[in-house]
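In: could you work out the structure for the sequence below:
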Amino acid sequence: MRFTQKTLVVAGLLATGAAVVAAAIADPATDLAGVPAANTKSAGYAPAGTLTPELTQVVLAQGSTPVENPSSDISFYGYTNDVVGPGGKPLMVPTPANPATEAKKTEPDKNTYLVFKKGLPGADSGYDYGTHFLFQGHESGTPGSITRINLDANAAHRVTLMATKDEDGNALATIDGSTWDPWARRLLFTTESQNAATYSATPGYPSSVEDVSGALGRGGYEGIQNDSDGNIWIVEDIGGSNKPGTTAKVPNSFVYRYVPHKPGDLHNGKLQVLQVLRGTGTPITVATQTALQSPDQIALNTYGSSFDTRWVTIHDTSVDGDTPFTANLAAKARNGTPFKRPENGLFRPDSHFDEFYFDATGDTNATSPENACCGGWTSVFKLTQSDPSADTGKLSLFYTSASAAYAGFDNVAFLTKDLMTFVEDAGDTLHGQRNALDSAFILDTRVDYSDTANQPLRWLAQGRDASATIDSANGGFGGKNDQDNEITGAHVSNGDPTEEGILGAHDPHPWQGDGQWRVFYTQQHGDNVTYEVVR
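Out: Next up is the predicted model:
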């Protein structure tokens, strides 16, 4: 299908079925009709995912795909071997003999795509694995694990188990975010745990994994991204406590920047926290957002607002040493500004790394009294600076949701220099409350979303596979496994592993024929399928 340059009037439909006319999006790479509504959540109902009609998706790997080099703990892409059937295979679904249990699902998470001209070694020394690779850490299971999908390989060599231990022999923690640091020539993995390590890892097999939290810290990190100066930007996802008597959460997660002594140095540098200032010059902190519907929360989530920002150093290896430390506690001690779970962020392409967009997932509960005023549904913020290493900047609200139809934004990827996709992680509770599963949306950086006529374009209505439907009906078998499918690992990249290839350096152009820019995501939970989205 050929994409033409024409104006697209986005016809978004709320989960309730009410029509909303959105802003015009004109771009030859994403001339998409959209999907009218989310899939509904209903007991025993396992709908297929629905993409906008111009696109389709290809399965790259799924939970039942065997790894080429099985260990005693992991022999398949999406399962551990904690519960096995008579044939020694993981119990992927309950059976009459074992109706109340199943194997632990490992939940592959954030994807990172890389192309190496000379290829990379794998577990089979006599096999040519090609040059195109997709890496992911796994968010669940014991031990944690890193895998690599070998995109040029045959079925027997499709997935390589890269590591389950670090270089000191310690079992890996479960992993959430990932990126590639071209200066260090290593993958970076975050663990979304206040006390677990932050890792760097080599891309070849076997992967050498190092704990670098003596410099980068330990926190509920999720999104992680380099800028053109070699700094590393990190956003954190730690849910706060409930405000008394409500389902509204106290903002408890921060945005960080690691400034290495020199690009690629993961052992020596400063970790900084973003501080947002009131008009009086005093910082917005946890304490100023603890009260229900606090003035600071309302101001942060009001269109047209603008705040001065500054970066505050919370750890410097040259002063504080290289013992691993808890970033969240250090950020609070230095009066960093917390948000409602700012899970992921990216630089706008071709912005010279002076525009950084990040989401705040919100409360993911329809009963939160802060949904309408304070980003309870979800928000997207824009941070602008004179350059990526500047000490000060400006923060403004780019988008905040006014309804349950757009909630719980998580992963973000830019499709072009102007268009970005956010995917939902609304969670099982909100799925039931709104009778709608997750979706993926496109937002246009050129659009004024304070005009309620402008709403995001839905390009994917996530379905629910049979395995996730069984989990949902059984409460995840005592919380052992998550339930409804979630969209994660949304990633758009041309795989360039050089310093010129970091995300944000160039305008992406997926689905345009040359095949260099590729689009990936993972349907997490259930069967844990990783897809490539193609025309």
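In: strands along the stretch 201-350 of the chain, start to end?
Out: In the stretch 201-350 of the chain, the strands defined using DSSP state E, counting those that start in this stretch lie at 209-211, 221-226, 232-236, 255-260, 269-277, 306-316, 345-347.
In: in a markdown table, list these along with mean pLDDT and mean neighbour count.
Out: Where C-beta positions appear, they are placed from N, C-alpha and C, glycine not excepted. A markdown table is the format used below for these (pLDDT from 0 to 100; neighbours: other CB atoms under 10 Å):
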| stretch | mean pLDDT | mean neighbour count |
| --- | --- | --- |
| strand 209-211 | 98 | 20 |
| strand 221-226 | 97 | 27 |
| strand 232-236 | 98 | 27 |
| strand 255-260 | 98 | 23 |
| strand 269-277 | 98 | 23 |
| strand 306-316 | 98 | 19 |
| strand 345-347 | 98 | 23 |
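In: and of those strands, who's closest to Gly495?
Out: Among the strands of the stretch 201-350 of the chain, strand 221-226 comes nearest to Gly495, with 15.0 Å by CB to CB.
In: what's near enough to touch the residue of the chain positioned farthest from its centre?
Out: No residue in the chain sits farther from the centre than Ala97, which is 37.3 Å out by CA atoms, centre = their mean. Not one residue lies near Ala97 by CB atoms under 8 Å, 6 or more residues apart in numbering.
In: returning to that earlier point: redo the strands of the stretch 201-350 of the chain as CSV? Include distance to Ala404.
Out: Converted to CSV, these look like this (distance: least, CB to CB, whole Å):
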stretch, distance to Ala404
strand 209-211, 40
strand 221-226, 23
strand 232-236, 23
strand 255-260, 26
strand 269-277, 27
strand 306-316, 27
strand 345-347, 23
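In: who wins for proximity to Thr202 among those strands?
Out: strand 209-211 (8.0 Å).
In: and that closest one, what does it pack against?
Out: strand 199-201 (3 or more CB pairs under 8 Å, 6 or more residues apart in numbering; DSSP states H and E).
In: assign the residue nearest the centre of the chain to helix, strand or coil.
Out: The structure's the chain has its C-alpha centroid closest to Asn411; by CA atoms, centre = their mean the separation is 3.3 Å. Under DSSP: H, G, I helix; E, B strand; the rest coil, Asn411 falls in the strand class.
In: relative to Asn474, how far out is it?
Out: The spacing between Asn411 and Asn474, counted by CB to CB, to the nearest Å, is 27 Å.
In: try Trp180
Out: Between Trp180 and Asn474 the computed distance is 38 Å (CB to CB).
In: among the two, which residue is more densely surrounded?
Out: It is Trp180, of Trp180 and Asn474, that has more neighbours when counted by other CB atoms under 10 Å, with 23 against 17.
In: so where's the chain shaky on pLDDT?
Out: Regions of the chain meeting the criterion pLDDT under 70 cover residues 1-30.
In: where do the helices sit along it?
Out: Ranges of helices within the chain are 295-300, 317-320, 327-333, 427-434, 466-473, 475-479, based on DSSP state H.
In: of those, which approaches Ile149 most closely?
Out: Closest of those to Ile149 is helix 466-473, at 19.7 Å (criterion: CB to CB).
In: neighbours of Pro53, how many?
Out: Neighbours around Pro53, by other CB under 10 Å: 11.
In: neighbours around the residue lying closest to it once chain neighbours are set aside, how many?
Out: If the residues on either side of it in the chain are set aside, Pro53 comes closest to Ala33, at 5.8 Å by CB to CB, 6 or more residues apart in numbering. Per other CB under 10 Å, the neighbour tally for Ala33 reads 15.
In: touching, Ala33 and Thr52? I think so.
Out: Yes. Using CB atoms under 8 Å, Ala33 is in contact with Thr52, at 5.5 Å.
In: just checking, Gly130 touches Asn150?
Out: Yes. At 6.5 Å, Gly130 counts as touching Asn150 under the criterion of CB under 8 Å.
In: who has more neighbours, those two?
Out: Ranked by neighbour count (other CB under 10 Å), Gly130 and Asn150 place Asn150 first, with 25 against 16.
In: which among the strands of the stretch 201-350 of the chain is found nearest to Ile284?
Out: Among those, strand 269-277 comes nearest to Ile284, with 4.8 Å by CB to CB.
In: ok and that closest one relative to strand 232-236, angle-wise?
Out: Inter-element angle recorded for strand 269-277 and strand 232-236: 60 degrees (by axes from the mean of the first three to the mean of the last three CA atoms, to 10 degrees).
In: burial count for the closest residue to Asn242 other than its chain neighbours?
Out: Closest residue to Asn242 apart from its sequence neighbours, by CB to CB, 6+ apart: Lys249 at 6.4 Å. Residue neighbour count, defined by other CB under 10 Å, stands at 23 for Lys249.
In: does Lys249 touch Ile238 like I think?
Out: No. Assessed by CB under 8 Å, Lys249 is found out of contact with Ile238, at 10.0 Å.
In: mutual contacts of those two, please.
Out: Residues touching both Lys249 and Ile238 by CB under 8 Å, 6+ apart: Arg341.
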